[in-house]
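Trainee: all I have is the shape, not the residue letters:
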């Protein structure tokens, strides 16, 4: 089944009760049993819910996985992966990653004796130097947030397999429309489904997709035991969002390309980060592992000035100044004071997240209106 068809039908069947085409919202906390333990596959909604099951099946189908798990947020999904580890284990992570992930790693799990190495992964060979007998997980994003760095999934998989280490890939920016890390051999794919999967800025959700049953069983246990699940209404909204993922992503990519090229040619813009440019680091790898280059862009205006960056984002009118990304509407953010504020200044600036950096999530509006908006904000 081709991807565009999978967004509509993948993992989905009409509801058994009345043949509903869209899975019903099973807004219930518990399910009747005929005898203790005698039920129709559902006993308590923290463990399973039919609406969530439908979503998890759809997620597995999109990523070419065998098992999907949906959580109350992207960070809840990451938290579940970290609970596969124990004190004394070590994790190698990219040094350019979402600030909330960095905060979870350093402020929560370091307290439980897990050691993290944050390194540049643009050259996958750099990973080898940090591997030892305690290394149990490699955590990466590609493209990264917010510098749009491209990490070679296939090369990273080869290193992970060589040393019998799990590899998890945050695929939020790319979505399965652009790349499927499991196809390259990754063990776990993670999404902040709040973003492109939902696509309408109306839910908060996380997702994990895997192929291996042993890993899936451990994650299902953690999901149920820790209880950080999503509700049936949010599951329904995510399912509805998935139905249009392919058409939304096509427009995100088209608009993203036009905006990136406009910014790159603008006299008041110093630097643009977008993996579709031939001079973008690892552009050839992006071409190899992605089907297009997405709608996420970061840039620095001429002068590299904090106050100027704030003025630009405050004066945008079609782009909304807000946290998050991946919705149908275009959003602008200032990573240093918003999404990445939890990362110490010295650490984030080493990766390029300077005070003047602006991150754009290019939506699906008319691109001429978006360009006109950027033009007026950059001229102030």
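Mentor: Perfect, I can see it now. What you are looking at is a predicted structure, and each value in this text was computed from that prediction instead of being measured.
Trainee: quick one: the strands in the stretch 51-200 of the chain?
Mentor: 67-71, 90-94, 115-119, 135-141, 166-170, 188-192 (DSSP state E, counting those that start in this stretch).
Trainee: need the winner for burial among those strands.
Mentor: Highest mean neighbour count among the strands of the stretch 51-200 of the chain (mean count of other Cβ atoms under 10 Å): strand 188-192, with a mean of 29. For glycine as for every other residue, the C-beta is placed from the backbone atoms N, C-alpha and C.
Trainee: can you state the direction angle for it and strand 67-71?
Mentor: Comparing the axes of strand 188-192 and strand 67-71 via axes from the mean of the first three to the mean of the last three Cα atoms, to 10 degrees yields an angle of 30 degrees.
Trainee: in stretch 326-338, which residues are buried?
Mentor: Under the neighbour-count criterion of 16 or more other Cβ atoms under 10 Å, stretch 326-338 has 326-327, 330-336, 338 buried.
Trainee: first vs last residue of it, how far apart are they?
Mentor: 16 Å (Cα to Cα, to the nearest Å).
Trainee: what about the strands in the stretch 201-350 of the chain?
Mentor: 206-210, 269-273, 296-301, 320-321, 331-333.
Trainee: quick one: list the elements packing against the last one.
Mentor: Meaning strand 331-333. strand 320-321, strand 357-361 (3 or more Cβ pairs under 8 Å, 6 or more residues apart in numbering; DSSP states H and E).
Trainee: hey, which of the ones you listed is tucked in deepest?
Mentor: Per-stretch averages of neighbours, counted by mean count of other Cβ under 10 Å, single out strand 357-361 among the helices and strands packed on strand 331-333, with a mean of 26.
Trainee: immediately after that strand, which helix or strand?
Mentor: helix 367-378 (DSSP states H and E).
Trainee: can you redo the helices and strands packed on strand 331-333 as TSV with distance to residue 75 and mean pLDDT?
Mentor: As requested, these are arranged in TSV below (distance: least, Cβ to Cβ, whole Å; pLDDT from 0 to 100):
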stretch	distance to residue 75	mean pLDDT
strand 320-321	22	98
strand 357-361	19	97
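Trainee: and the single longest helix found in the chain with helix 367-378, angle?
Mentor: Longest helix of the chain, by residue count under DSSP state H: helix 245-265. Orientation of helix 245-265 against helix 367-378 (the same axes, to 10 degrees) gives an angle of 40 degrees.
Trainee: name the residues of helix 245-265 that are buried.
Mentor: For helix 245-265, the buried set under the neighbour-count rule, 16+ other Cβ under 10 Å, comprises 245-246, 248-249, 251-253, 255-257, 259-260, 262-263.
Trainee: how about stretch 28-35?
Mentor: Going by 16+ other Cβ under 10 Å, stretch 28-35 has these buried residues: residue 31.
Trainee: most neighbours per residue, which of the strands of the stretch 201-350 of the chain?
Mentor: Greatest burial across the strands of the stretch 201-350 of the chain, using mean count of other Cβ under 10 Å, falls to strand 206-210, with a mean of 28.
Trainee: direction included, what does that one pair up with?
Mentor: Neighbouring strands of strand 206-210 in its sheet, by DSSP bridges, are strand 67-71 (antiparallel), strand 188-192 (antiparallel).
Trainee: what does the last one contact?
Mentor: This points to strand 188-192. Applying Cβ atoms under 8 Å, 6 or more residues apart in numbering, the external contacts of strand 188-192 come out as 59, 63, 65, 73-74, 77-78, 81, 98, 166-172, 175, 180-182, 197, 205-210, 215.
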